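1. Build the 3D model from these lines:
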Amino acid sequence: MATIYTSVTAKINTILTAVKTAGKLKAVYGYPVSRFPDGYPAIVFYPDEFQNSFETVSQNFRVIRYKIFVVIGVTQTTLNNIFTTVLPGVVDAVISQFDSDWDMSTIDGNRVWAKIDSGRWGVSEEDKALTAWAELNIEIKLTTNN
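-> Predicted structure coming up:
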């Protein structure tokens, strides 16, 4: 049981790094981020929520959620280009990579399901400039033995 977060976080990082290797991203960061990204678009991801419920007398049903934020410095291009081309392109690449690479059928011998969907998109004012972002949500479901 002790390897669930470690295994899932490592797999998410591997998938996102493949998106970077394909040229769709400049950087991938786990949270907390100690500095501004070296280049854009970049991704920041982190665990978000954990739920646990009794499935049977011998099994628990667990749901682990992660947040992924695709971030882009607005000074690098126009808002129109960010929201019509750059963000959709990166989000599509992340979703496609999850579709093709999610092969964690089990963790510690327990069946694992994964789902990725979209959250909010927006623009925020950060310390150095405006930043556009798109939120993605990953939901990992698994059953574990008590």
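2. Counting by contacts, list what the helix or strand of the chain with the lowest mean pLDDT packs against.
-> Lowest by mean pLDDT, DSSP states H and E among the helices and strands of the chain is strand 106-107, with a mean of 72. Packing partners of strand 106-107 (3 or more CB pairs under 8 Å, 6 or more residues apart in numbering; DSSP states H and E): helix 4-21. Quick note: C-beta positions are derived from backbone N, CA and C, even for glycine.
3. pLDDT averaged over the helix it packs on - what is it?
-> Model confidence over helix 4-21, given as mean pLDDT, is 87.
4. what's the answer for stretch 69-83, then?
-> Averaging pLDDT residue by residue across stretch 69-83 gives 88.
5. Output that stretch as CSV, nothing but the C-alphas.
-> What follows is stretch 69-83, C-alpha atoms only, in CSV (Å, rounded to 0.1, in the frame of the first residue of the first chain):
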residue,chain,number,x,y,z
PHE,A,69,-1.9,23.2,-14.7
VAL,A,70,-0.6,24.1,-18.1
VAL,A,71,0.9,27.7,-17.8
ILE,A,72,2.1,30.1,-20.4
GLY,A,73,3.6,33.6,-20.1
VAL,A,74,1.3,36.1,-21.8
THR,A,75,4.2,38.3,-22.8
GLN,A,76,5.4,35.6,-25.2
THR,A,77,2.4,35.8,-27.6
THR,A,78,-1.1,37.1,-27.8
LEU,A,79,-4.0,36.0,-25.6
ASN,A,80,-5.9,35.1,-28.8
ASN,A,81,-3.0,32.8,-29.9
ILE,A,82,-2.8,31.3,-26.4
PHE,A,83,-6.4,30.4,-26.1
